[in-house]
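Participant: whatever this is, show me its structure:
(3 chains)
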Amino acid sequence: MKKVLALVLTLAMLLSLAFVSTASAAEITDLRTYETTAREMETWNIHSSQLANDLNVLCNLIDGLLTNDAHGALVGNAAKEWYTEDGGKTWTFVLNDGMKWVDKDGNEKADVVAEDWVTGLEWVLNFSKNGASNTSMPIEMIVGAADYYEYTKYLAETYQRIVDDGVTVPDELRKYIDPSCFDTTVFKEMVGIATPDEKTIVYTCTDELSYFPSVATYNCLYPLSAKLIEEVGVEGYQGITWENLWYSGPYTVTSYVHQNEKILTANPNYWNADNIKRFNTVTIKMVESQDVAYNLFQTGELDHVTLTQSTLSTIYASESHEFHNNLSEARPTKYSYQIHLVYDKNNEDGTKDTNWNTAIANEAFRLSWYYGLDLTPYLARTNAINPLACQNFVYTGNAVSVNGSGVDYTQMVRDELGLQYSNETYARVDAEKAAAYKAQAMEELTAKGVTFPVEIDYYIQGNSQTAKDSADTLAQVFSDCLGDDYVKLNILTYVSSPTNEVRIPQLASIYINGWGADFADPINFLGQETYGEDNAYYSMNYSMINNATDEDLIATYTEFTQMVNDAKAITDDQDARYAAFAKAEAYFLNHALAIPCNYEVAWELTCINPYSKVYSAYGIQAYRYVNWETNDAIYTTDEVAALAEAYNSAE
Amino acid sequence: MEKTVSELEQPIVDLEVDRSAVDKNTTTKYSRGRVHVHARAQMPEKQLFSFAEYEAKAAEYTGSSEYSYWKSVWRSFLKKRAAVGMFIIFLLLFLFTFVAAAIGKYDVFNLRIDNSLMFTSPNSEFWFGTDNLGRDYWSQVWHATRTSIILAVSVSFGQIFVGVVIGLVWGYVRKLDRFFTELYNLIDNIPVIIYMTLIALMIGKTTLVMGAAMIGFGWLGTARNIRNLVFMYRDREYNLASRCLGTSLWRILYRNILPYMVSVIILRLALAIPGTIAYETTLTYLGLMDISTPSLGILLRNARSYFLDYPYLLIFPAVIVSIITITFYLVGNAFSDACDPRNHV
Amino acid sequence: MFLYVLKRLLQSVVTILLVVTIVFLLLRLLPTDYYFTEDELMKLTEQQKHDRLQAAGFLDHPLTQLVRFYKQLFTEFDLGTSRRIQANQPVISVIGSKFEVSMRLGLISLGISLVLGVCFGVLQARYKDGIFDHLGTAYTVFVNAVPSLVTYSLVLAFGARVLGLPSMYSMRKPELSSILPVVCLSIGSIAGYMLWTRRYMVDELNKDYIRLAKLKGMSTRSVMYRHVLKNAFVPLAQYLPYSILLTVGGSLLVERFFSVPGMGPLLTDAIARYDTTVVQGVVMLYATLGILGVFLGDVLMTLIDPRIHLGKKGGTR
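Facilitator: So this is what the prediction gives:
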């Protein structure tokens, strides 16, 4: 009797299971995703990692103060609220209750307390512990951080010298002079971080920083339990592995084989388990290439795949292909690609390339590029089916900043420029203007002794066929749009390091680079291009504008720098600040000081709603496997379009 | 068991002294014998068994042999129809790379990118179809073939030449064995990929530099192979005899030892040529070759990501690589068989 | 013989140390900027770069670094910690976690290819110019003709799409997922063993002592196996210990293709990331195995073929 009952019950269960799984589009409970082997993790130490490969996993394992939502807005994570009472000089974060550190199996180890953020920041800024990783942002933004870093660095050097001289330092003395033994006592006195109680953290900034909370999504402000350091030691945490790491995030790691597979399992002791949606497990497979990933996707071993050019065109061309109706356009990556112009270029023998330097300093010459270059064929390199999805007319990246009325900052710039994206034409091109500027440039420059065609040296990585194909396309765009009598693009190669082989000897005429944001403010982009400022990264390292001699060019740059600094000074009114930045950026682009190039938009087959993922132009939160909407069947093109529409209307 | 082997061993050595010490008299005897055998078939019986008259002059006559080793090798080689045929095909293929550029509709240095034409299957306009950027594949394939053949042949000859010279000295001169073994260990035990990377980083990775580097690190295998074979022959009695007669080192190597190795050398050479092409493919895959001019390795590497959807992109270069390989395999085997004097009779 | 072995072993140690020293110094020739990722180079200032290099000890004189390296090696058997492959993990554990997989796959494939390769090679030589010989030749030619990159792609496509075999190695079910990698590893080496077995056997068959043996009326079978194979195996045997030991090294392409977590891609990965400590460790391992392999090969050769003397001073000059 019992047996029969058991059988009946089992059958009933099975039936009900079957019913559930066929009734509605079920969600995936165990996600299977992939990375290419070149993107394997290098460290499990979130404080020292500066690599997306690591952080894409680590952001699931430990909770930072804040995170982003699918629209890029800041939302609380470990912190339930955050505020400033003095216009951005000090920022207070209040933690949630009930957060625990656990080991990989979910066993409780300790409570998460405010002090953990102090320990974490001390670790980052201690030269002996973290070896100068991830120090840039805290040093720039937090009071006393620079001093503490220099202090530990000085002590570390001194201590090393003493040890090298063969002196044995007794332990009670060592904890004062060896920074790797430091606790947070001195640190708290020197650096602008305080914990009034167990749940509150107060940061004091170097300036009024309205965007400081966006930095709180970064790993440089992640917590670290002092008890973990006690358990494994300083060296142990430097080389921490998944097996002895402490977790406080939605997942723990339960299996890891280097260059093969890692499995994240839902953290059973997660404090916020009831309010967020997680997968039971996330399996990340390391594959050799996108082609292998596509194989795995076909055999049903992966839940999404990014398509290569040839698979995409096959699927797209054949109406009867099993995936023909499943093609969906992925969301743009966070990088905004620009054609950076170099104003101080050398020849290979080290002499100045006067021909190029004179030509590029001429505004008409630059504007003839700006209006003349129809980059559509080049855009087709990233997106062959819908090239114009990659068009980019502004300098700053998408979704970096949004003003009070919900308008994206880049939209404000496009309004200033009077240029809008269109699905039919590449709107920036104006053949008449281009021809006029070309004639003007040729006349003015011939008078200055410039010989035509002007040679453009463009460097690509020597072993990358993709880069070679793209460069060939670009050369053809230059030749078609500007004419062989005017300019000539030379494709040259470097072996390993563009910095050492090209940038430092200043051999290139143009660079095409993408820049991703570090925090939520346009200064993060425009600040890289100002004239005569040491921390303007592109000016100092790429465009070399500070070495330029042409007076008109310098005047234009000075004007732009002034506009940026004026905008930067507005700290009390976010909207006015963004409007001023937009004006400065439009000025920059209207004088073609750099030429916006493209975004990256790929095609994919996916069972994951791309519009439910965290989407942010900055920070490390994009790969949190949290609140993802999924479908056990592959989304169709129409479904994704509907999802996109719903997403955009919710904005 | 072992005894049997060494008992059998004795007579061989004697026989081989006869043949390979290249004593003119013995060789002459051999070839006369051969003529005699041939003649026998045609001569009437009476003549066959007639007494020869004794001539003092003729008995003293030594003269030079009508047997020439290389001529015989060549003659035996020509008998292998398949190998000769393939070799002619290969030569035609190489010549055709020049013709192809002339008869093709597109110039490899002036190809237009046209996204609307990408992955066009072979047709009357694009004889080999187009690649991922809509560029004519015909001109690329033939240009790549020429580049690869020139590279492979020069690198292989370089490798084998250096390898044989070093291998012979290494194996024969005992005093140098230690030195060369250490040198070999030093070079061989540092993975070539490190040298290649460092060379590519510090000197550059033009085809010339990487070709030279391939020779510089590619001779090791051959040298070791030859050294081991030399080991097997160097202590044979006829070499001892030669040494006692004061024959110079190079003459012993060249005359006594090298002939044993000709077949192995030829085979190695023949395999080194396709090997170089394969090696080039791997280096390209690792990003250590210059990709500005197309070579077969580069085309194959690129086709790898497309071939499931567009097999023709793989097939054309793969067929050409296969023809080259098969040619050299057949030619190598035929030639190394032909090099064995026992097959000349 | 014993003295000779001892001497060779001592020499080997010297060679290994030389190899490691050379690699160590070669790596120090690289400009220090190579130690950073392009991302880091983009965002780090000169001062920050200097600080990071200093923290990692790369700013000291190369010889000072070398001395420190050897001191650590000899006192603590410590090869240092990895810089980027698995950051701050001891190099020994990085290698240790990987060589087992490579060795297992390598030994399986070596076993398969040795058995199949030598058997087919013998059959080819036995029935020279017969159908079997031609088939075998066709196979060897095919394998050599098609570049391995293409062969592996074909195996992957066929195995995964047609036979439905796993296209990715999995530690959790290694049996099934080992099939394709082992096939890829074996395809080439079977052809290699076939080619050389046949070559050496045919060379041997043409020798006069074999003719004599046949004339004496020995059976073909006994001639083939007792004399020809034995003699033909001598040059093959020499490479055997080397091949066995080098299975630890794994195969770069195969392991990349099937995501096998083995030694194969470790070296190139380490070079690409300028992880100098791992490069040194791997090179040291390869050097040790390589030298040991050659040495054992020589010893094996003398054991099999009594005509060959290694240690004894012969009549050569």
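Participant: contacts, neighbours, all on C-alpha from now
Facilitator: Will do.
Participant: any idea how far the residue most central in space within chain B is from residue B:156?
Facilitator: When CA atoms, centre = their mean is applied to chain B, the residue found nearest the centroid is residue B:269 (2.1 Å). Separation of residue B:269 from residue B:156 (CA to CA, to the nearest Å) stands at 6 Å.
Participant: that's a strand at residue A:475, yeah?
Facilitator: No. Secondary structure of residue A:475 (DSSP: H, G, I helix; E, B strand; the rest coil): helix, not part of a strand.
Participant: for chain B, what is the nearest residue in the stretch 51-200 of chain C?
Facilitator: Of the residues in the stretch 51-200 of chain C, the one nearest chain B is residue C:145, at a distance of 4.4 Å by CA to the nearest CA.
Participant: which residues are in contact with residue B:196?
Facilitator: Residues near residue B:196 by CA atoms under 8 Å, 6 or more residues apart in numbering or on different chains: B:210, B:213, B:288.
Participant: shouldn't residue A:427 be within a helix?
Facilitator: No. Per three-state DSSP, residue A:427 lies outside any helix segment and is coil.
Participant: look at it and say how many residues are nearby.
Facilitator: 16 (other CA atoms under 10 Å in any protein chain shown).
Participant: my read: it touches residue A:414, true?
Facilitator: No. Taking contacts as CA atoms under 8 Å, residue A:427 lies outside contact range of residue A:414: 11.4 Å.
Participant: need the overlap of contacts for the two.
Facilitator: In contact with both residue A:427 and residue A:414: residue A:420, using CA under 8 Å, 6+ apart.
Participant: tell me how many other residues crowd the residue in chain A positioned nearest to chain C.
Facilitator: As assessed by CA to the nearest CA, chain C sits closest to residue A:239 within chain A, at 4.3 Å. Burial of residue A:239 is recorded as 19 neighbouring residues (other CA under 10 Å).
Participant: wait, it sits on residue A:47?
Facilitator: No. In this structure, residue A:239 is not within contact of residue A:47 by CA under 8 Å, at 11.4 Å.
Participant: if I pick residue A:176, what's in contact with it?
Facilitator: Contacts for residue A:176 (CA under 8 Å, 6+ apart) come out as residue A:182.
Participant: what's it sitting at in phi/psi?
Facilitator: Per-residue torsions, residue A:176: phi -100, psi -30 (degrees, to the nearest 10).
Participant: what distance do you get for it to chain B?
Facilitator: Distance, residue A:176 to chain B, by CA to the nearest CA, to the nearest Å: 44 Å.
Participant: quick check: pLDDT value at that residue.
Facilitator: On pLDDT, residue A:176 comes in at 84.
Participant: residue C:167 too?
Facilitator: The confidence metric pLDDT takes the value 83 at residue C:167.
Participant: near the residue of the stretch 51-200 of chain C closest to chain B, how many other residues are there?
Facilitator: When counting by other CA under 10 Å, one arrives at 28 neighbours for residue C:145.
Participant: re earlier: OK, contacts around the residue nearest to the centre of chain B?
Facilitator: B:156-157, B:160, B:332.
Participant: that one in helix, strand or coil?
Facilitator: helix.
Participant: measure it to residue B:91 for me?
Facilitator: From residue B:269 across to residue B:91, the span is 17 Å (CA to CA).
Participant: low-confidence ranges in chain A?
Facilitator: Chain A contains residues with pLDDT under 70 at A:1-25, A:651.
Participant: residue in it nearest to chain B?
Facilitator: At 4.3 Å from chain B, residue A:463 is the closest residue in chain A, using CA to the nearest CA.
Participant: give me the phi and psi for the spatially most central residue of chain C.
Facilitator: Centroid check for chain C by CA atoms, centre = their mean gives residue C:246 as the closest residue, at 3.4 Å. Torsion angles at residue C:246 (phi, psi; degrees, to the nearest 10) stand at phi -80, psi -10.
Participant: I'd say it and residue C:290 touch.
Facilitator: Yes. Between residue C:246 and residue C:290 there is a contact at 7.0 Å, judged by CA under 8 Å.
Participant: which residues of the stretch 201-317 of chain C fall in helices?
Facilitator: Along the stretch 201-317 of chain C, counting by DSSP state H, counting those that start in this stretch, helices occupy C:208-215, C:220-222, C:229-246, C:252-257, C:266-272, C:276-304.
Participant: right, I mislabeled it, should have said the stretch 51-200 of chain B
Facilitator: Assignment of helices within the stretch 51-200 of chain B using DSSP H, counting those that start in this stretch yields the ranges B:56-60, B:69-79, B:81-103, B:137-172, B:174-189, B:192-202.
Participant: so which bits of the stretch 301-450 of chain A are right by chain B?
Facilitator: For the stretch 301-450 of chain A, the residues in contact with chain B (CA under 8 Å from any CA of the partner chain) are A:309-311, A:314, A:377, A:380, A:384.
Participant: again, only using 7 Å
Facilitator: A:310-311, A:314 (CA under 7 Å from any CA of the partner chain).
Participant: and what of chain A?
Facilitator: Residues of chain A lying near chain B (CA under 7 Å from any CA): A:291, A:310-311, A:314, A:462-463, A:473, A:495-496.
Participant: tabulate these (JSON lines), appending neighbour count.
Facilitator: Listed next are the residues of chain A next to chain B as JSON lines, based on neighbours: other CA atoms under 10 Å in any protein chain shown:
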{"residue": "A:291", "neighbour count": "20"}
{"residue": "A:310", "neighbour count": "21"}
{"residue": "A:311", "neighbour count": "20"}
{"residue": "A:314", "neighbour count": "17"}
{"residue": "A:462", "neighbour count": "20"}
{"residue": "A:463", "neighbour count": "24"}
{"residue": "A:473", "neighbour count": "23"}
{"residue": "A:495", "neighbour count": "22"}
{"residue": "A:496", "neighbour count": "19"}
